[in-house]
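S.K.: Need coordinates for the below:
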Amino acid sequence: MTAELRNWSGTYRFTARQVVDAHMVDDVRRAVLGAGRVRALGTRHSFNDLADNGATLVTVTGIPPDPVLDTEARTVTVGAGITYGALATWLQARGWALGNMGSLPHISVGGATATGTHGSGSGNQILSAAIAALDYVAADGELRHAGRGDAGFDGMPVGLGAFGVVVRVTLDIEPSYLIRQDVYAAVPWERVLADLDSVMSAAYSVSLFTDWAGETIEQAWVKRRLETADDTAGAGEGTAPEEFFGARRHPGPVRLADAPADNLTIAGVAGPWSERLPHFRVDSVPSNGDEIQSEYFVDRRRGAAALAAVRHLAPLVAPLLLVSEIRAIAPDGLWLSGAYDRETLAIHFTWRNQPDRVDAAVTEVEAALAPFAARPHWGKVNHVQPSQLAALHPRLPDARALFEELDPEGKFSNDYLERTGVRAAR
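M.R.: Now for the predicted structure:
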C-alpha cells in the first residue's frame, strides 16, 4: 500500500500489502483470480483484523450501486458497497423502506450484514435477516448467485467474507413509514432490571445509554412507529408520553457522549424512517470517531442478571467509556448471527482510545458475562476463545463446512477466521 490504511475510527492498522479499488464486478473477478488470499473491504467499520489478511484487500464501495426495485417481490437489489444511508434515502424517495437500520447510516450494506450488525427493537431482527439473495465472486473468479431457501443459504448472510466477495445484495423492503423519536433522561436501573422485557419492547425501537455508574441510566431513546403523520392510535405508538418507566422526556437539545448534538437524528418530531431509525445523521460525521468498540449478545431471558453483573464493574469501565448502549434483537435462523435462535439483549461498549486499559476491561467484562453465554460481535474487540465460540454458536460447524466447500483452498480465509475456528487452519 502506498499509504497507511486504518479502520474508520483509526484504532486498527491494516497489514495488507495492496488494496484493489474495484469499480466494476470484473475488477473483483480479476483481483480474486490474480492474487493469493483476498478479503473484501467495505467502509472499514470493524475494530479488529476480521477484514485484514496481510495480502490483498478488494473494496467494492466504488462499484455503482445500481438499485433495482421489485415492488411485486418487495425487494431491492443493490451493490454491496452502498451505505445504508444512501440506500435509505433512495428508497424513501420512492415510497419504500427497510424494516431496520443500525445506529450509523454510514456503514456499507455488504460489510454490515456480513458481520451480523443490527439495529434495535424486540421485534426487529439483525440487518442480515433482510437478505433475500446474494451475488458473489467465488474462489474460481466466477459470479454466483444464492437465494433464500437454497441449501446452506442460512450460513451466508452473516458470512464474515469467508466464502467469496459479495458484490450485490437483495434486501426485503416494505412501504414507507414514519418514526417519532423521543429521549427520556434518568431511567431508574431498578425499573429496568425489574421489568426488562417491558422496557425493551415498549416501542418499535428502544436504546438505553449508560456508563453503568449511579442509580439511573442516562438516556432512553424511544422510537415509535407511525404509519401516517396523524397516526395517534394503537398502543401509544403514535403518541409521546411524558414518562418512560420513571424517566421524564428530555426537552432537548440531546447530546450523546462526546458527539456534537447536530450529528444526531431529530427527537420530538415525527419524520421518515430513514431519518429517525439511525442515531446519527447521514450527512454528518458519525459518533465520536476516536474509539474502540466491543459488544456481546446474551439471551434476553437472563438479560437483567447479565446487566447486573456488568454494573458491578462500573468503577472499572465507567472511566474508560464514551458510552454503553443496550438494545433488544429478535431471534433469527442465520447460523453465525449473534441472535441465532434466541431473543437477544445486545450490550455494547464504546471505549475511549486507550488500548491497554480497554483490553484489561474487556477481559473483566467477558468474565462477568461468561455465565450468560455471551456471543461477541464478530467485528468488534473481544478475547473469546475458539473453544468458547464453538459452544456459543451451535451452527458454527455447519458454517465452517459450507465455507470449506465453497472455498476449499482458503482463498478468502485469514488469521482471524482460522484463529476463531470459522475456517480450517492452513
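S.K.: Phi first, then psi, for the closest residue to R148 other than its chain neighbours.
M.R.: Residue nearest to R148 in three dimensions, not counting chain neighbours: A132, with 5.1 Å by C-beta to C-beta, 6 or more residues apart in numbering. The way it works is simple: take the backbone N, C-alpha and C, and place the C-beta from them, glycine included. Main-chain dihedrals, A132, degrees, to the nearest 10: phi -100, psi -30.
S.K.: Please apply the same query to the one 4 residues further on.
M.R.: When read as degrees, to the nearest 10, the backbone of Y136 gives phi -140, psi 150.
S.K.: repeat for the one 10 residues further on
M.R.: According to degrees, to the nearest 10, the main-chain angles of A146 amount to phi -140, psi 140.
S.K.: Next one: it from S103, what distance?
M.R.: Computed as C-beta to C-beta, to the nearest Å, the A146 to S103 distance reads 28 Å.
S.K.: ranges for the helices of the stretch 1-150 of the chain?
M.R.: Applying DSSP state H, counting those that start in this stretch to the stretch 1-150 of the chain gives helices spanning 25-34, 84-92, 109-114.
S.K.: what's near enough to touch G54?
M.R.: T15, A16, R17, R37, N414, D415 (C-beta atoms under 8 Å, 6 or more residues apart in numbering).
S.K.: Buried ones among these?
M.R.: Buried subset of these (neighbour count, 16 or more other C-beta atoms under 10 Å): A16, R37, N414, D415.
S.K.: Could you provide those residues in JSON lines, with additional columns for pLDDT and distance to V381?
M.R.: What follows is those, written out as JSON lines (pLDDT from 0 to 100; distance: C-beta to C-beta, whole Å):
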{"residue": "A16", "pLDDT": "90", "distance to V381": "19"}
{"residue": "R37", "pLDDT": "94", "distance to V381": "23"}
{"residue": "N414", "pLDDT": "96", "distance to V381": "17"}
{"residue": "D415", "pLDDT": "95", "distance to V381": "15"}
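S.K.: quick one: which of the residues you listed is nearest G159?
M.R.: Comparing the buried ones among the contacts of G54 against G159 with C-beta to C-beta places N414 closest, at 13.4 Å.
S.K.: Can you read off the pLDDT for the closest residue to that closest one other than its chain neighbours?
M.R.: Of all residues not flanking N414 in the chain, N53 sits nearest, at 4.0 Å (C-beta to C-beta, 6+ apart). Predicted confidence (pLDDT) for N53: 92.
S.K.: which residues touch N53?
M.R.: By C-beta under 8 Å, 6+ apart, N53 lies in contact with T15, A16, R37, V38, R39, N414, D415.
S.K.: Counting only strands, which of these make the cut?
M.R.: V38, R39 (DSSP state E).
S.K.: Using JSON lines, lay out the contacts of N53 together with distance to S294.
M.R.: Output for the contacts of N53, formatted as JSON lines (distance: C-beta to C-beta, whole Å):
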{"residue": "T15", "distance to S294": "21"}
{"residue": "A16", "distance to S294": "24"}
{"residue": "R37", "distance to S294": "27"}
{"residue": "V38", "distance to S294": "28"}
{"residue": "R39", "distance to S294": "22"}
{"residue": "N414", "distance to S294": "20"}
{"residue": "D415", "distance to S294": "19"}
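S.K.: Okay, domains of this protein per the record?
M.R.: 68-175, 178-376 (automatic domain parsing).
S.K.: counting contacts, what elements does the helix or strand of the chain with the lowest mean pLDDT pack onto?
M.R.: Within the chain, no helix or strand scores below helix 386-392, which has a mean of 92 by mean pLDDT, DSSP states H and E. For helix 386-392, the packing partners by 3 or more C-beta pairs under 8 Å, 6 or more residues apart in numbering; DSSP states H and E come out as helix 396-406.
S.K.: what does the helix it packs on rub up against?
M.R.: 138-139, 152, 155-156, 159, 162-164, 335-336, 389-390, 393, 412-413, 417, 421-424.
S.K.: and the residue nearest the centre of the chain, what are its phi and psi?
M.R.: With distances taken as C-alpha atoms, centre = their mean, T117 lies nearest the centre of the chain, 1.9 Å away. When read as degrees, to the nearest 10, the backbone of T117 gives phi -70, psi 150.
S.K.: Is it in contact with A130, as I believe?
M.R.: No: if you go by C-beta atoms under 8 Å, T117 and A130 don't touch, sitting 11.6 Å apart.
S.K.: What's opposite R6 in the beta bridge?
M.R.: Bridge pairing for R6 (DSSP bridges) gives the partners R13.
S.K.: what about the strand or helix carrying S324, distance to the chain center?
M.R.: Take DSSP states H and E as the rule and S324 turns out to sit in strand 321-329. How far strand 321-329 lies from its chain's middle: 12 Å, per C-alpha atoms, centre = their mean, to the nearest Å.
S.K.: do the same with stretch 264-274
M.R.: On C-alpha atoms, centre = their mean, the centre of stretch 264-274 falls 20 Å from that of its chain.
S.K.: and if you look at stretch 356-374?
M.R.: 20 Å.
S.K.: contacting residues around the nearest residue to A305 once chain neighbours are set aside?
M.R.: Of all residues not flanking A305 in the chain, F372 sits nearest, at 6.9 Å (C-beta to C-beta, 6+ apart). The contact partners of F372, by C-beta under 8 Å, 6+ apart, come to V298, D299, R302, A305, A306, A309.
S.K.: give me that answer again for 10 Å
M.R.: Listed by C-beta atoms under 10 Å, 6 or more residues apart in numbering, the contact set of F372 reads 296-299, 301-303, 305-307, 309-310, 345, 347.
S.K.: so which two of those are the farthest from each other?
M.R.: The span of the contacts of F372, defined through C-beta to C-beta, is set by R301 and V310 at 16.7 Å.
S.K.: Compare these two and say which is more crowded by neighbours.
M.R.: Higher neighbour count among R301 and V310: V310, with 21 against 13, using other C-beta atoms under 10 Å.
S.K.: Who are the contact partners of the more buried one?
M.R.: Per C-beta under 10 Å, 6+ apart, neighbours of V310: 210, 212, 296, 317, 324, 326, 347, 349, 364-365, 368-369, 372.
S.K.: same thing with L264?
M.R.: L264 is in contact with 181, 183, 221, 253-256, 278-281, 284, 286, counting by C-beta under 10 Å, 6+ apart.
S.K.: Need the nearest residue in space to F244, chain neighbours excluded.
M.R.: In space, F244 is closest to Y184, 4.0 Å off (C-beta to C-beta, 6+ apart).
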